[in-house]
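Colleague: based on what follows, work out the 3D shape:
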Amino acid sequence: MNSLRFLPALLVVSSLAAQVPSQSSNNAAPVSYASMSQVNAMLGNLEQTAQNSVADLNKLRVEKWKTDGNTKRQEQSDVESLQRNLQNALPGLVNELRNAPENMAATFKLYHNLDALHDVLRSVAESAGAFGSKNEYQALAADAEKLDDVRRSLADRMQSLATSKEAELVRLRTQLQAAMAAPPPPPKKIVVDDTEPPKKATKKKPKKPATTQPAQPAQQQTQQPPPGK
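Modeller: Have a look, this model is predicted:
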């Protein structure tokens, strides 16, 4: 079956998505409201499509398909791989892009996963049309079509982001070249004055004259009358 070509890629993408942690966007540049709205709308459609696809895959009765046992086993394996990816790998990739809407690596990882998902889901839908019921085919074909719409929208967004980032690189490169071509500013002259300023002459305060005690008047000696008088 055609799904054999796409199943290994689907398994690899699912494994990588489970192992790679989401990157924080705390240090990312601010995202415009229009860009955020576009991503939220696209991811909302993808999440709804994924839920519908899981429900439709659960309704399949591959064991009743009109084909041989080996084909039934292969188709059932494809169905289980799709369910694991839609329920385990895809939500992590969606959250990573929601946290960093303009991150090219996160955008490409989600696109790569959708590419593998669409191919396998389309193949299972074709097998359902060939061996299963009409209702099974119509449901899976509609899911694959909606998944392809999201994939195309994501591809357009990647192209827009790449163009924007390329323009930003050109602008930064031009600024860098202009800065390198501009003559360097003249060095600033630093004048060092190592001469000591003249010391100010300090005026000596005149000494106060010593305070002398006023001479006490000599006490007059009491004259005693000569004897015999």
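
Colleague: switch to C-alpha atoms for all contacts and neighbour counts from now on
Modeller: Will do.

Colleague: could you list the buried residues of the one helix or strand Asp56 maps to?
Modeller: Element membership of Asp56, judged by DSSP states H and E, is helix 33-58. Buried residues in helix 33-58, defined by neighbour count with 16 or more other Cα atoms under 10 Å: 36, 39-40, 42-43, 46-47, 49-50, 52-54, 56-57.

Colleague: need these in JSON lines (columns: pLDDT).
Modeller: Converted to JSON lines, the buried residues of helix 33-58 look like this (pLDDT from 0 to 100):
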{"residue": "Met36", "pLDDT": "88"}
{"residue": "Val39", "pLDDT": "93"}
{"residue": "Asn40", "pLDDT": "94"}
{"residue": "Met42", "pLDDT": "95"}
{"residue": "Leu43", "pLDDT": "96"}
{"residue": "Leu46", "pLDDT": "97"}
{"residue": "Glu47", "pLDDT": "97"}
{"residue": "Thr49", "pLDDT": "97"}
{"residue": "Ala50", "pLDDT": "97"}
{"residue": "Asn52", "pLDDT": "97"}
{"residue": "Ser53", "pLDDT": "97"}
{"residue": "Val54", "pLDDT": "97"}
{"residue": "Asp56", "pLDDT": "98"}
{"residue": "Leu57", "pLDDT": "98"}
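
Colleague: can you show me the helices along this structure?
Modeller: 3-19, 33-58, 69-84, 90-99, 104-131, 134-181 (DSSP state H).

Colleague: make a markdown table from these and add distance to Lys188 to it.
Modeller: Below are the helices of the chain laid out as a markdown table (distance: least, Cα to Cα, whole Å):
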| stretch | distance to Lys188 |
| --- | --- |
| helix 3-19 | 55 |
| helix 33-58 | 46 |
| helix 69-84 | 67 |
| helix 90-99 | 48 |
| helix 104-131 | 45 |
| helix 134-181 | 19 |
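
Colleague: lowest mean pLDDT across those, which one is that?
Modeller: Least confident of the helices of the chain, judged by mean pLDDT, is helix 3-19 with a mean of 48.

Colleague: please list all residues in contact with Asp56.
Modeller: Residues in contact with Asp56 (Cα atoms under 8 Å, 6 or more residues apart in numbering) are 136, 139-140.

Colleague: hmm, back to that, switch the buried residues of helix 33-58 over to CSV; also include distance to Thr163.
Modeller: CSV is the format used below for those (distance: Cα to Cα, whole Å):
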residue, distance to Thr163
Met36, 18
Val39, 17
Asn40, 21
Met42, 20
Leu43, 22
Leu46, 24
Glu47, 27
Thr49, 29
Ala50, 29
Asn52, 34
Ser53, 33
Val54, 35
Asp56, 38
Leu57, 38
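
Colleague: which of these sit farthest apart?
Modeller: Largest separation among the buried residues of helix 33-58 by Cα to Cα: Met36 and Leu57, giving 31.3 Å.

Colleague: that older thread, go through the contacts of Asp56 and say which is closest to Glu96.
Modeller: Taking Cα to Cα as the measure, Glu96 sits nearest to Leu140 out of the contacts of Asp56, at 26.7 Å.

Colleague: tally of neighbours for that closest one?
Modeller: Residue neighbour count, defined by other Cα atoms under 10 Å, stands at 26 for Leu140.
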